[in-house]
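**Student:** compute the structure for the input listed below.
(4 chains)
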Protein chains: 2
Amino acid sequence: MKRTSLAGDSCPVARALDVFGDWWSLLIIRDASLGRRRFGEFQASLGLAKNILATRLRTLVERGILKTVPASDGSAYQEYVLTPKGHGIFPILVALRQWTEEFDEHPDEIATIMVDRDKGKPVKKLALYSQDGRVLGAADTTLKLRPARKTARRLATA
Amino acid sequence: MKRTSLAGDSCPVARALDVFGDWWSLLIIRDASLGRRRFGEFQASLGLAKNILATRLRTLVERGILKTVPASDGSAYQEYVLTPKGHGIFPILVALRQWTEEFDEHPDEIATIMVDRDKGKPVKKLALYSQDGRVLGAADTTLKLRPARKTARRLATA
DNA sequence: GGCATCAGGTTTAATATTGCAACCACACAA
DNA sequence: TTGTGTGGTTGCAATATTAAACCTGATGCC
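**Tutor:** All right, here's what the predicted structure looks like:
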């Protein structure tokens, strides 16, 4: 009766959720992307139990989202920073943020807006484009079976 | 010791996760966006326990992500379909999908690709743009305090 | 050095959630 | 009207979350 794992699922959405789809992981990643690095910083910011934080940090490191580095202040402690794989989660955070901005019932409770650092102006909404530059909504897309990879290149040229 | 609620959080990411950030909700929403509508369809597709599915569907309806409609086949049963608020989650699903496509260790296990319905070509990667059209990475953005809303318009003009 | 304190956890125990399976009610079909 | 499929609910065992106590090594201070 373990929580069912989605790791072997063929759906890429499920596979992502298997990695960081639990209640706290994405918030830890959000904090990391805001520059938080220390155990205590995460704990103070998120207010979650320390044992939960410890296990989450451990699995996020195992899964290549975070890595531990020596503390930047020269102390003997360690810090947790995002790997490239972890930084790749940024668009997901943006999408979540923009959904709340658009649909939340109490938008006045949202504390922050995302702006571009250069100009200080709000960023645009994420949009999905086709290869020829059209904006696509959900109804303009379909799923196709992934074409099989060229596994026999060596044979074909041999 | 209830699971801590994120509903009152001021972070829009946390607020979104409070609505559909649990283990199953996003997969139900994914299924709904693929056209699945019936309790049995969700259950067969996701393989989750029926009691869990029942409570998830109930809370997703409560929260305005899904709504129930009379069955499209004329039977007395009901179906679950996405509301506009639910359809708004589409970019999040795309972002999750694209993260897996880019970073998963076993991309060969991904079954499908998203294509635009018209041309059948893979969609482009979601990108974040500034208002003047530059592509922004995480490092090119900052959070600013949301400016207070103009609450006193009536007074000001009175 | 010696002592107090802090950072970063682990352990323990209570509570909540999940998962499974059995059961149930209604709709529909023959 | 008997059977079957759909859409649940209920009960129980297993697991996960939580809070709080505890622990250990690092750091700060005199």
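**Student:** show me where chain A has its strands.
**Tutor:** Along chain A, counting by DSSP state E, strands occupy A:66-70, A:78-82, A:112-116, A:128-129, A:135-136, A:141-145.
**Student:** any residues touching the fourth one, and which ones?
**Tutor:** Applying C-beta atoms under 8 Å, 6 or more residues apart in numbering or on different chains, the set of residues contacting strand A:128-129 from outside is A:135-137, A:141, B:91, B:94, B:123-124, B:126-127. For glycine as for every other residue, the C-beta is placed from the backbone atoms N, C-alpha and C.
**Student:** and the third one, by the same measure?
**Tutor:** Strand A:112-116 is touched from outside by A:94, A:97, A:101, A:121-123, B:10-12, B:130-131, B:134, B:136, B:140-147, with contacts defined as C-beta under 8 Å, 6+ apart.
**Student:** same question for the last one.
**Tutor:** Strand A:141-145 is contacted from outside by A:128, B:34, B:111-117, B:120, B:123, using C-beta under 8 Å, 6+ apart.
**Student:** mind redoing it with 6 Å?
**Tutor:** B:112-117 (C-beta atoms under 6 Å, 6 or more residues apart in numbering or on different chains).
**Student:** same thing with the first one?
**Tutor:** Strand A:66-70 is touched from outside by A:60, A:78-81, A:83, A:86, with contacts defined as C-beta under 6 Å, 6+ apart.
**Student:** can you list the domains in chain A?
**Tutor:** What the record gives for chain A is the domain set A:12-87, A:90-140, from automatic domain parsing.
**Student:** for residue B:25, find the nearest of these.
**Tutor:** domain A:12-87 (9.9 Å; C-beta to C-beta).
**Student:** that older thread, mark which of the contacts of strand A:112-116 are buried, thanks.
**Tutor:** Buried members of the contacts of strand A:112-116, scored by 16 or more other C-beta atoms under 10 Å in any protein chain shown, are A:94, A:97, A:101, A:123, B:11-12, B:130, B:136, B:141, B:146.
**Student:** can I get the residues you listed in a markdown table with pLDDT and distance to residue B:24?
**Tutor:** A markdown table is the format used below for these (pLDDT from 0 to 100; distance: C-beta to C-beta, whole Å):
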| residue | pLDDT | distance to residue B:24 |
| --- | --- | --- |
| A:94 | 98 | 23 |
| A:97 | 98 | 22 |
| A:101 | 97 | 25 |
| A:123 | 98 | 30 |
| B:11 | 96 | 23 |
| B:12 | 97 | 22 |
| B:130 | 97 | 36 |
| B:136 | 97 | 32 |
| B:141 | 97 | 31 |
| B:146 | 92 | 31 |
